[in-house]
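Participant: model this:
(2 chains)
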There are 2 protein chains.
Amino acid sequence: MKIEHPYLMFLGDVPDALAAKTATGVVDWRKDWCTGQLRLPGCAADTGLPDISIAEAKEKGTKTMVVGAVNAGGRLPDHWVASIVEALDAGLDVASGLHVRLGSIPEIKEAADRNGCNLFDVRQNTETFATGKGTKRSGKRILAVGTDCSVGKKYTALAMDKAMNDRGYKSSFCATGQTGVLISGRGVALDAVIADFISGAAEWISPATGEDQWQIIEGQGSLFHPSFAGVTLGLLHGSQPDGFIVCHEPTRTTMRGVPTPLPTVQQVIDLTIQCGQLTNPDIRCIGIAVNTSALGEEEAKAYLAKVSEDHNGLPATDPVRFGMENVVDRVASEFGAP
Amino acid sequence: MKIEHPYLMFLGDVPDALAAKTATGVVDWRKDWCTGQLRLPGCAADTGLPDISIAEAKEKGTKTMVVGAVNAGGRLPDHWVASIVEALDAGLDVASGLHVRLGSIPEIKEAADRNGCNLFDVRQNTETFATGKGTKRSGKRILAVGTDCSVGKKYTALAMDKAMNDRGYKSSFCATGQTGVLISGRGVALDAVIADFISGAAEWISPATGEDQWQIIEGQGSLFHPSFAGVTLGLLHGSQPDGFIVCHEPTRTTMRGVPTPLPTVQQVIDLTIQCGQLTNPDIRCIGIAVNTSALGEEEAKAYLAKVSEDHNGLPATDPVRFGMENVVDRVASEFGAP
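Facilitator: From the prediction side, this is the model:
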């Protein structure tokens, strides 16, 4: 799936900012791809983009309206359907991160057909994949892994991609989750793929490329999460990373949604190397990304210094606070300058 | 899905025995569930069951016709459709291991609706699962794992289930693949589940049960197979085995379908324990099942003795040749008599 930008961000009338976090995530990383936001009366979310109508969005060259909010219950309310049909009638494609398929709603399906427009359901998967091959592909790859779900793997991969490009590397971000797909305009929500094809889909997401090209791959789940480790392992095998960054949230004591205790960063490093060697014998850890938001600035620096010291001098950072410069330094020292 | 027996095995007109291996697998283990076979002119496969008509099958109390053969190309030929419609018109359910969904063929769908009969596509998954919880369930579980795909995990699990029951344990077989589902009448083809729900489906397949009950769970793939390891890990986490049996085919040098070298039995033991401890801290290897068909009887015995010696005295057997008695002995010594 290739979603064309510029985007108009549709927020509906959601009652709080959290319900629009998909839109916020896209705007955080791709503000220059967004022409504006469309909000219905009563909407309490705000991405900071100008409020514009569908007609104005069309004039500004918008190609796709992104449904970047989720209603309570995950349903698509009738009054959102009207806005989506209006966008299609204006000739825009529509992309959605909702659970419900846009095409399963007759008015939307008919409007898309009538106008020859595309519907993208980024939570679903329509692509057909081969099973994973496990053979080495050209190019270099970095994967974000984690001690848990929702510990900043997407943010870390995007920050790393930006920092790599800023330093002169040829780098691209490879999305494996729904918000990531909207941020990059392509990719696959890996957790929606049929189990037999997880590593095959990961190979498709990070295909052979130029030897001087870097692919920075969004991680999913954790090898230590009892719900999602299968996805994590298939992604590790399929993406065959040369380097990986461990993401960690130090205030968490149990894994998201289950009573399982969090593994240590060292356990994640060890098991990722052990399993990752199957498809890349040279796999290595290149950094540790920690969410230090619970700490003051000086405490955070001291904490990161300790994390680095405890892990053989691996660079440790908080991507939000301190950027990825020290991890890019590590790439330069391990793999060479751009 | 709960498929009712007795079964009538439908073999179509396949040109060789291999094309009917699903039927053969079912008859090997559940001959007493089968009333006969239905073959079309030119069929070169034979399960050894009596050839009977659909009317005769109905008289014998048959509940389900099983399409236990695959045509070249995996298609469902038109002249097979007529037999399936005839079975439905006789009031039989129909179960199929084909890739194509029975209900996607209008004549079959209409005949099923007309007669109020069920269609079972055992390669597909229609069940909705929760994500895996990772919490301990009551009962005891044994999982077959492997150095590769197609190394006898299903056979080993079925043989173990039979040997356990013969020795007075309360044991049941839990299917995770299509032939296994037909053999047990229930279960899920785990490789057809959406990636997010692998371990959740494995938990559903082997639910909480009485403390004296054993579930012997069919394995899938290998933690070392670059195409399918995600399924294997999700199954390991979801099935939370107390004991596992490593299946191995010693003449193989690369993993099925890929150029990756085979791991050693010891590597499989170590990684299975390491990963399996996440949901069952007491997980242990209870035996090694080796396909010794390339060796003579005495050579095979000597080889198995060496395998046992090399792995701390773990019982080693060839389930086909020597049965699972020594592995059941190990269960008795580790977990107690029935």
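Participant: pLDDT below threshold where in the stretch 151-300 of chain A?
Facilitator: Along the stretch 151-300 of chain A, the model assigns pLDDT under 70 to no residue.
Participant: all strands for it, in order.
Facilitator: Ranges of strands within the stretch 151-300 of chain A are A:170-174, A:213-217, A:243-248, A:284-290, based on DSSP state E, counting those that start in this stretch.
Participant: Relative to chain B, which of the ones you listed is closest?
Facilitator: strand A:213-217 (15.3 Å; CB to the nearest CB). All C-beta spots, glycine's among them, are computed from the backbone N, C-alpha and C.
Participant: The closest one relative to strand A:170-174, how many degrees between them?
Facilitator: Relative orientation of strand A:213-217 versus strand A:170-174 (axes from the mean of the first three to the mean of the last three CA atoms, to 10 degrees): 30 degrees.
Participant: hmm, back to that, adding distance to residue B:316 and mean neighbour count, write the strands of the stretch 151-300 of chain A out as a markdown table.
Facilitator: Output for these, formatted as a markdown table (distance: least, CB to CB, whole Å; neighbours: other CB atoms under 10 Å in any protein chain shown):
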| stretch | distance to residue B:316 | mean neighbour count |
| --- | --- | --- |
| strand A:170-174 | 44 | 20 |
| strand A:213-217 | 41 | 25 |
| strand A:243-248 | 37 | 27 |
| strand A:284-290 | 37 | 25 |
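Participant: count of neighbours near the nearest residue to residue A:184 once chain neighbours are set aside?
Facilitator: Using CB to CB, 6 or more residues apart in numbering or on different chains and skipping the chain neighbours, the partner closest in space to residue A:184 is residue A:175 (4.5 Å). Residue A:175 has 24 neighbours, counted by other CB atoms under 10 Å in any protein chain shown.
Participant: Pretty sure residue A:175 sits against residue A:205.
Facilitator: Yes: assessed by CB atoms under 8 Å, residue A:175 is found in contact with residue A:205 at 7.4 Å.
Participant: Return every residue with contacts to both of the two.
Facilitator: Jointly contacting residue A:175 and residue A:205 under the rule CB atoms under 8 Å, 6 or more residues apart in numbering or on different chains are A:187, A:188.
Participant: got a list of what the nearest residue in space to residue A:212 that is not next to it in sequence touches?
Facilitator: Spatial nearest neighbour of residue A:212, chain neighbours left out: residue A:170 (5.7 Å); criterion: CB to CB, 6+ apart. By CB under 8 Å, 6+ apart, the contact set of residue A:170 is A:210, A:212, A:213, A:214, A:338.
Participant: with those residues in mind, which one is nearest to residue A:310?
Facilitator: residue A:214 (27.4 Å; CB to CB).
Participant: What sits closest to the closest one if chain neighbours are left out?
Facilitator: residue A:171 (4.3 Å).
Participant: Looking at the stretch 1-150 of chain A, what residue ends up closest to chain B?
Facilitator: residue A:134 (2.8 Å).
Participant: rewinding a little: dump the strands of the stretch 151-300 of chain A to a markdown table, plus distance to residue A:7.
Facilitator: Compiled in a markdown table, these are given as follows (distance: least, CB to CB, whole Å):
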| stretch | distance to residue A:7 |
| --- | --- |
| strand A:170-174 | 16 |
| strand A:213-217 | 22 |
| strand A:243-248 | 27 |
| strand A:284-290 | 27 |
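Participant: okay, the closest residue to residue A:163 other than its chain neighbours: pLDDT?
Facilitator: Spatial nearest neighbour of residue A:163, excluding adjacent residues (CB to CB, 6+ apart): residue A:324 at 4.0 Å. Listed pLDDT for residue A:324 reads 98.
Participant: Any residues of the stretch 101-250 of chain A in contact with chain B? List them.
Facilitator: Those residues of the stretch 101-250 of chain A that sit near chain B, judged by CB under 8 Å from any CB of the partner chain, are A:131-135, A:190-196, A:198-200, A:223-224, A:226-235, A:237-238.
Participant: which of the residues you listed count as buried?
Facilitator: Among those, the ones that count as buried by 16 or more other CB atoms under 10 Å in any protein chain shown are A:131-134, A:190-196, A:198-200, A:223-224, A:226-235, A:237-238.
Participant: Now for residue A:167: which residues touch it?
Facilitator: Residues near residue A:167 by CB under 8 Å, 6+ apart: A:328, A:332, A:338.
Participant: Neighbour-wise, which one of those residues leads?
Facilitator: Of the contacts of residue A:167, with other CB under 10 Å as the count, residue A:328 tops at 22 neighbours.
Participant: can I assume residue A:16 is in contact with residue A:45?
Facilitator: Yes: the pair residue A:16 / residue A:45 is scored as a contact, 6.7 Å apart, by CB under 8 Å.
Participant: out of these two, which sits in the busier spot?
Facilitator: A count of neighbours by other CB under 10 Å puts residue A:45 above the other of residue A:16 and residue A:45, at 22 against 10.
Participant: what's near enough to touch the residue lying closest to that one once chain neighbours are set aside?
Facilitator: In space, and not counting its chain neighbours, residue A:45 is closest to residue A:20: 3.5 Å by CB to CB, 6+ apart. Applying CB under 8 Å, 6+ apart, we find residue A:20 in contact with A:11, A:14, A:45, A:47, A:68, A:69.
Participant: Can you report how many residues neighbour the first one?
Facilitator: What that stands for is residue A:11. By other CB under 10 Å, neighbour count at residue A:11 equals 27.
Participant: mind checking pLDDT for it?
Facilitator: Per-residue pLDDT puts residue A:11 at 96.
Participant: The second one now?
Facilitator: Confidence per residue is given as pLDDT, and for residue A:14 that number is 93.
Participant: for it, phi and psi?
Facilitator: Main-chain torsions, residue A:14, degrees, to the nearest 10: phi -70, psi 150.
Participant: What number of residues are in the vicinity of residue A:225?
Facilitator: Residue A:225 has 29 neighbours, counted by other CB under 10 Å.
Participant: Quick check: it vs residue A:263, distance?
Facilitator: According to CB to CB, to the nearest Å, residue A:225 stands 9 Å off from residue A:263.
Participant: same thing with residue A:199?
Facilitator: From residue A:199 to residue A:263 the distance is 22 Å (CB to CB).
Participant: Over to residue A:219?
Facilitator: Distance from residue A:219 to residue A:263, by CB to CB: 14 Å.
Participant: neighbour count winner among those two?
Facilitator: Neighbour count, other CB under 10 Å: between residue A:219 and residue A:263, residue A:219 has more, with 29 against 21.
Participant: wait, what's in contact with that one?
Facilitator: Shown in contact with residue A:219 (CB under 8 Å, 6+ apart): A:143, A:144, A:145, A:146, A:153, A:154, A:157, A:176, A:232, A:235, A:247.
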